[in-house]
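Visitor: Mind looking at a prediction? Sequence and model below.
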Amino acid sequence: MDLYGPGMTALRAHSTKLAGAAHNVANLSTPGFKAQRVHMVEVPGGGVTVTISRDLSPGPPLREQDESRSKSGGIREGSNVDLAREMVDLITSQRGYQANARAVKTLAEIKGQVLDIIG
């Protein structure tokens, strides 16, 4: 029985979610950028799987700096990243990572104590 498995998969999942949110924030000002969405799903028996998708919703319209050279009439699509959503994702993923790290650490401590008792 792998006691560490569920906690370790959760750590990897939260790490992936943190990386996705950081990637989105880094591309906040990139015209036409489509945000990544990280989805975590609980696995029966413990653990988490992660899938990554693109948010295909359109970004806000932006005016071109030099409208005379634009093929789209001076308008282009901005990034569809919502900074408030990304900050919430960063905070919740950070807390989830911390909680699972503490759970794995506690399991290791208990395992050590049991081994000390058994001798």
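Guide: Good, I have the coordinates. Numbers count the residues shown, from 1 in each chain.

Visitor: count of neighbours near the closest residue to Met8 other than its chain neighbours?
Guide: Once flanking residues are discounted, Met8 sits nearest to Val104: 6.7 Å by CB to CB, 6 or more residues apart in numbering. (C-beta placed from N, C-alpha, C; glycine too.) By the criterion of other CB atoms under 10 Å, Val104 has 16 neighbours.

Visitor: same check, this time on the one 5 residues further on
Guide: Here the neighbour count serves as a burial measure; for Glu109 (other CB under 10 Å) it reads 10.

Visitor: Just read off the phi/psi values of it.
Guide: With angles defined as degrees, to the nearest 10, Glu109 sits at phi -60, psi -40.

Visitor: Can you give me the distance of it to Leu115?
Guide: According to CB to CB, to the nearest Å, Glu109 stands 11 Å off from Leu115.

Visitor: and the spatially most central residue of the chain, what element?
Guide: By CA atoms, centre = their mean, the chain has its centre lying nearest to Lys17, at 1.5 Å. Assigned by DSSP states H and E, Lys17 belongs to helix 5-26.

Visitor: mean confidence for that helix?
Guide: The predicted model gives helix 5-26 an average pLDDT of 93.

Visitor: I'd like the next helix or strand past it.
Guide: strand 36-42.

Visitor: So in that sheet, which strands flank that next one, and in what orientation?
Guide: Partners of strand 36-42 in the sheet, by DSSP bridges, are strand 48-54 (antiparallel).

Visitor: what is the orientation angle of the strand it pairs with with helix 5-26?
Guide: In terms of direction (axes from the mean of the first three to the mean of the last three CA atoms, to 10 degrees), strand 48-54 departs from helix 5-26 by 20 degrees.

Visitor: what's next to strand 48-54, contact-wise?
Guide: Strand 48-54 is contacted from outside by 6, 9-10, 12-13, 16-17, 20, 34-43, using CB atoms under 8 Å, 6 or more residues apart in numbering.

Visitor: I'm done for today, thanks for sticking with me.
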